[in-house]
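Visitor: Sequence and predicted structure below; questions after.
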Amino acid sequence: MARLDRLGPAKEIAQLGAAYRATGALIGTRGCNVAELAGGYARQGRIGEGLQMLAGALAVTNETGVRHYEAEMYRLKGELLLQKSNVRSLVSEVPNTQHPIPSTQAEAEACFLKAIEIARSQKAKSWELRAATSLARLWRQRSRQKEAHKLLSEVYNWFTEGFDTKDLQEAKALLDSLESGV
């Protein structure tokens, strides 16, 4: 499957999703594809479609018990909810001048916490790092810098290699900005 961040037109993403569903495959059994498609929808501003896709995939995950990408799906759901309410999120680093809807923030926070919980139970440190980074960004916006720094530094400090990866670089940049504000 082509990397969705390289796909331009929204039409191509819709075609990929439709083609995958047409195979009759259970969408939850290919969580990596769901995550890629949902991320692609988010980058194109098609939040409702991304949320709808994740809801279906999470339902299938619960039915099948195939949970390899469950943490990432919850993290993406939280990111999409934040993007929907125009909060700065992982998907968009542009600062927001509007105030997000508090209930949406709480729902996104719950998604991030669930993603962290699942990742920890699976000992999936990369998924945990992504979810912790998302939650730390949200907490920074909510003036909870100390909590955000503590959460993210605990996960980040677990890693001993791979510091040239995008996830660890983003976490480090966020930690640095939190440190200056703590």
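Guide: On my side now, so go ahead. Numbers count the residues shown, from 1 in each chain.

Visitor: Let me see the contact set for residue 55.
Guide: residue 77 (Cβ atoms under 8 Å, 6 or more residues apart in numbering). In this view, the C-beta of every residue, glycine as well, is placed from N, C-alpha and C.

Visitor: Using the three-state scheme, assign it.
Guide: Following DSSP: H, G, I helix; E, B strand; the rest coil, the label given to residue 55 is helix.

Visitor: Relative to residue 48, how far out is it?
Guide: 10 Å (Cβ to Cβ, to the nearest Å).

Visitor: Repeat that for residue 72.
Guide: The value you get for residue 72 to residue 48, if Cβ to Cβ is used, is 20 Å.

Visitor: what about these two, which has more around it?
Guide: The residue with more neighbours, out of residue 72 and residue 48, is residue 72; 24 against 11, by other Cβ atoms under 10 Å.

Visitor: Isn't that one up against residue 115?
Guide: Yes. Assessed by Cβ atoms under 8 Å, residue 72 is found in contact with residue 115 at 7.1 Å.

Visitor: tell me, what's touching the two both at once?
Guide: Joint contacts of residue 72 and residue 115 (Cβ under 8 Å, 6+ apart) are 127, 130.

Visitor: need the longest helix for this structure.
Guide: Secondary structure of the chain per DSSP state H: the longest helix is helix 102-122.

Visitor: I'd guessed residue 140 sits against residue 148; true?
Guide: Yes. Counting by Cβ under 8 Å, residue 148 is a contact partner of residue 140 at 5.1 Å.

Visitor: higher neighbour count, the two?
Guide: Set residue 140 next to residue 148 and count neighbours by other Cβ under 10 Å: residue 148 wins out with 26 against 19.

Visitor: low pLDDT regions in this structure?
Guide: Counting by pLDDT under 70, the low-confidence segments of the chain come to 1-31, 86-102, 182.

Visitor: need the strands for it, in chain order.
Guide: With DSSP state E, there are no strands along the chain.

Visitor: care to break it down by domain?
Guide: With domains defined by automatic domain parsing, the chain comprises 1-68, 95-182.

Visitor: closest to residue 82 out of those?
Guide: domain 95-182 (4.9 Å; Cβ to Cβ).

Visitor: thinking again about what came up before, show me what the longest helix of the chain is in contact with.
Guide: By Cβ under 8 Å, 6+ apart, the residues outside helix 102-122 that reach it are 67, 70-72, 74-75, 77-79, 81-82, 84-85, 87, 124-125, 127-128, 130-132, 134-135, 138, 142.
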